[in-house]
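J.: starting from these lines, generate the structure:
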Amino acid sequence: MATFLFRLGRWSFLHRKFVLVVWLGVLVVVGGLSTAFQKGYNDLFAIDGVPSRHATEMLMDKFPGTKNPMEDAGVTLVYQAPEGKTLTDPDVAAAVDESIAAVKDNVAAMTDEAREALTGPVAANDAQTDLLIGQETEMGLPKEVAEADAANVALVSPDGTTGTTSFSFDVELPADVTPADKDAVTDALQIARDAGLQAEAGGAGFGDPIEIEPISEVIGVIVAFIVLIFTFGSMLAAGLPLITAVIGVGLGALGITGATALVPLNNITPVLGIMIGLAVGIDYALFIMSRFRDELRHGRSRPDAVGLAVGTAGSAVVFAGLTVIVALVGLALANIEFLTYMGFAAAAIVLIAVLVALTLLPALLGFAGDRVFRKDAASGRLRQSDIPDSTGARGRHGKPRKPGVLARLSGRFGGTSRDARTARNPSAPTLGTRWVTLIHRAPGVFVVIVIAVLVLLTLPAKNLQLSLPSDMTSPESTTQRKSAELIEEVFGAGRNSPLLVIVDAENVDPEAESLKPLVAGGIEPAQASFVMIKDQLGNNVGVKHAQLIGASEDGSTAQILVTPTTGPIDEKTVQLIGQLRGEQSRIEAETGVDMGITGFTPIQQDVTDRLEGAMPVYLGLVVGLALVLLLMVFRSLMVPLVAATGFLLSIGAAFGVTVLFWQEGLWGLIDSPGPLISFMPIFLIGVTFGLAMDYEVFILSRMRERWTKHSHRAVADGSAGKFNAVEDSVVRGFGMGARVVTAAALIMIAVFASFIAQPLPFIKVFGFALGAGVLFDAFFIRMTLVPALMFITGRATWYMPRWLDKVLPTFDVEGEKLEEAYASGAIETIDDEPAKERKFRKARRSRQATQ
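T.: The predicted structure is shown next:
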């Protein structure tokens, strides 16, 4: 593969205009098709094969015209009178009526029926109360029971100060509600607020749109640019990885948008894809450009240096990218449609990032010419004027000159100046070699410290609580959160988490023991089952009230509203749903009815439960994959075990600190702590695993290269100093790879952390968790724990049983065979002269024509 990548990279460099035109053409075509055929994103989290799905299907089948609870774009308006007044006071009532009228007059997406039905809380409550009491007493229920049922769903508080009214936007999905209609509601609420009332709005139809504010990309790119300047000491060189990353992310985002024409995609899908694509796109280009600069220092021509960079570092990029892709595609194991599509979309963006790094980046390096990492034409080395160091530098006319600001800073922090000294003297100390030498002095101490710190940080993860976005998980400053809290305060927490039980009694057993008393009293078996089930469900701990709220036209199916005592994000509500489903199984077996529990809260909980159940399986998959891949690449038993153990430690610590800050609100730094979004853990596992393997490959490949080619000889000739062969491979290999991995990790952390600036809480949490995962894995595990354990294990680090070595396939991610072929002359070389480049292309075309 390395030889193929060498030829691809050099060909892209030589045919840069063609490559650029192709990529720009693909960008234009994909953008055009996406704009023409995209159907937009949805905001649904419903999945197949869960208990609430069956209940929802029964609801829609037995009650025609009823909408799926997850698709209903309902809005609840909450009004609270000023202190000392009630909603019936003339001035308060007038303000509420004016606000309601503004909603009816200015919201476009509302049916005439809904517009006519929308009234103020007091009028709506009176009509609803009269209707419920009349219906239930006609059904033979005692008046006190009917009054209790009416009070449970009352729209006005007992003291008359607070009331609610609701309507639904006339759209297919909540995501289809336009900003104009939301603004109309906001403006209507302001009328009541100006009159002194508290007026809030919540519900699925009034949620904040899930989209990325550009501030995150800007911050991430700026920080990445600064890191790249310190790394390369050149603004032009620093800009190329950003250009390729932005093009790759743009193409990927357009492709994902276009894919909505074929499959339903959640509107979180592009958010996560952009976040991951921007980070890996910059890092992959960084790895290749760093190797390109190294090849130039060895006297290679620019076309050959690009080819060798793509063939060596590019091989590692391909391996790392495929690892990330496999981890993301593996999300399909959870068997959750929206999560599967999210994984596929993110994997597609990573694939594009790899292809861009292998082809477009070499083309851009061709356009940049000697303006990137200039070389002296006579020596073929990087010009001293471009690599200033403490010995001084010379300008264009041979006169000494003082290094520029960027060059001085990059040299101070490990940039080009230090690289130049290292190129002239490979044993020259760098920050990386100093760090690993410090570890060498007391590796056991570092192992204990790292493990202790990460384990302690993991402990809060035992309190992990998951949920999907709702009004109660919105920021405390939003009207959605205020409306939910006001309803909870006045009507009880359970009003925000109603459970809808559907009972199909078409096949009810009239001889069931629990129904006999009611049937004997003259009640039809179906009606008897409804009453019995309502009473039994209402007797469960955690249930505030249970009541019949509707029946199908044929009388065979009923809706039972169960109001919990706790809210939607309370763990007791989760326990209650499980308790009721246990009760459901017993009742179905006893009476022959078909039951199900649905509603916004149960549906969301089913998604959360499915995700939690899939996590151990998925974690086992990625850890097993890591063991196998690293075993094949590094031909060692110890390296994969250390890598996998380190990954578990870093992912545990990432979970722990995320729970500590975002769920438990450590030190009050987070203004709206609460449960984490349900699919964050499994997605964090997949992404962190892929990135961990990136850093493992880029650092360990340098160590193994040193071990197989130089360490034993260095020990024999004394150049290894006090180190044995294993220690020399760790120290020197770490020194060669640490700087680029440090830069890559800092860039990725910056990109992820920049998403904390987003307005939506769960996007903030994603950015924080991914940044924490990279921080722990790159600096605690790959750059501290791994070398420390390698020092301790000694020669066992590179031990591999011969029989296993023969059985496993070999992957040359270091491009070793390519370098040997290039050095032996088996691969044709070309120099930097344009005429020679033209001659090479002409000769190649001639050979192709004769074949």
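
J.: hey, let's count contacts and neighbours off CA atoms from now on
T.: OK.

J.: which stretches in the stretch 651-800 of the chain count as strands?
T.: Secondary structure of the stretch 651-800 of the chain (DSSP state E, counting those that start in this stretch): strands located at 676-677.

J.: is it true that Ala238 touches Val221?
T.: No: using CA atoms under 8 Å, Ala238 is not in contact with Val221; the gap is 10.7 Å.

J.: which residues touch the closest residue to His712 other than its chain neighbours?
T.: Computed as CA to CA, 6 or more residues apart in numbering, the closest residue to His712 that is not its neighbour in sequence is Ala725, at 5.4 Å. By CA atoms under 8 Å, 6 or more residues apart in numbering, the contact set of Ala725 is 707, 711-712, 714-715.

J.: at 7 Å instead, please
T.: Going by CA atoms under 7 Å, 6 or more residues apart in numbering, Ala725 touches 711-712, 715.

J.: these into TSV, with extra columns for distance to Leu611, pLDDT and neighbour count?
T.: Shown next, in TSV, are the contacts of Ala725 (distance: CA to CA, whole Å; pLDDT from 0 to 100; neighbours: other CA atoms under 10 Å):
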residue	distance to Leu611	pLDDT	neighbour count
Ser711	47	82	25
His712	50	80	18
Val715	52	81	17
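
J.: between those residues, which sits nearest Gly84?
T.: Using CA to CA, Ser711 is the member of those that lies nearest Gly84, at 84.4 Å.

J.: distance of the closest one relative to Ala720?
T.: Distance, Ser711 to Ala720, by CA to CA, to the nearest Å: 7 Å.

J.: residue ranges with poor pLDDT in this protein?
T.: In the predicted model of the chain, residues 43-47, 209-212, 374-429, 812-814, 832-845, 848-851 satisfy pLDDT under 70.

J.: against Ala346, how distant is the spatially most central residue of it?
T.: Per CA atoms, centre = their mean, the C-alpha nearest to the average position across the chain is that of Leu272, at 4.4 Å. Separation of Leu272 from Ala346 (CA to CA) stands at 7 Å.

J.: do the same with Arg704
T.: Distance from Arg704 to Ala346, by CA to CA: 31 Å.

J.: so between these two, which is more surrounded?
T.: Ranked by neighbour count (other CA atoms under 10 Å), Arg704 and Ala346 place Ala346 first, with 28 against 22.

J.: what sits closest to the more buried one if chain neighbours are left out?
T.: Of all residues not flanking Ala346 in the chain, Gly273 sits nearest, at 4.4 Å (CA to CA, 6+ apart).

J.: before we move on, what about Ile747?
T.: Ala224 (4.9 Å).

J.: spell out the residue ranges of the helices in the stretch 551-700 of the chain.
T.: 571-591, 600-634, 638-658, 680-706 (DSSP state H, counting those that start in this stretch).

J.: now distance to Leu456 too, for these, in TSV please.
T.: Output for these, formatted as TSV (distance: least, CA to CA, whole Å):
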stretch	distance to Leu456
helix 571-591	25
helix 600-634	21
helix 638-658	8
helix 680-706	19
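
J.: looking at those helices, which is closest to Asp91?
T.: Among the helices of the stretch 551-700 of the chain, helix 600-634 comes nearest to Asp91, with 35.8 Å by CA to CA.

J.: helices or strands up against the closest one?
T.: The contact analysis (3 or more CA pairs under 7 Å, 6 or more residues apart in numbering; DSSP states H and E) places helix 600-634 against helix 51-62, strand 466-467, helix 638-658, helix 680-706.

J.: can we see that at 6 Å?
T.: Judged by 3 or more CA pairs under 6 Å, 6 or more residues apart in numbering; DSSP states H and E, helix 600-634 is in contact with helix 638-658.

J.: give me the contacts around the helix it packs on.
T.: 454, 457-458, 460-461, 623, 627, 630-631, 769, 772-773, 776-777, 781, 797 (CA atoms under 6 Å, 6 or more residues apart in numbering).

J.: 7 Å instead?
T.: With contacts defined as CA under 7 Å, 6+ apart, helix 638-658 is touched by 454-455, 457-461, 623, 626-627, 630-631, 685, 689, 692, 769, 772-773, 776-777, 781, 786, 796-797.

J.: just the C-alphas of stretch 557-564, formatted as PDB.
T.: Extracted in PDB, the C-alpha atoms of stretch 557-564 (Å, rounded to 0.1, in the frame of the first residue of the first chain):
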ATOM      1  CA  THR A 557     -59.500   0.400  23.200                       C
ATOM      2  CA  ALA A 558     -59.000   2.900  25.900                       C
ATOM      3  CA  GLN A 559     -56.400   5.600  26.800                       C
ATOM      4  CA  ILE A 560     -55.300   5.800  30.500                       C
ATOM      5  CA  LEU A 561     -53.300   8.800  31.600                       C
ATOM      6  CA  VAL A 562     -50.900   8.000  34.400                       C
ATOM      7  CA  THR A 563     -49.400  11.100  36.100                       C
ATOM      8  CA  PRO A 564     -46.200  10.300  38.100                       C
END
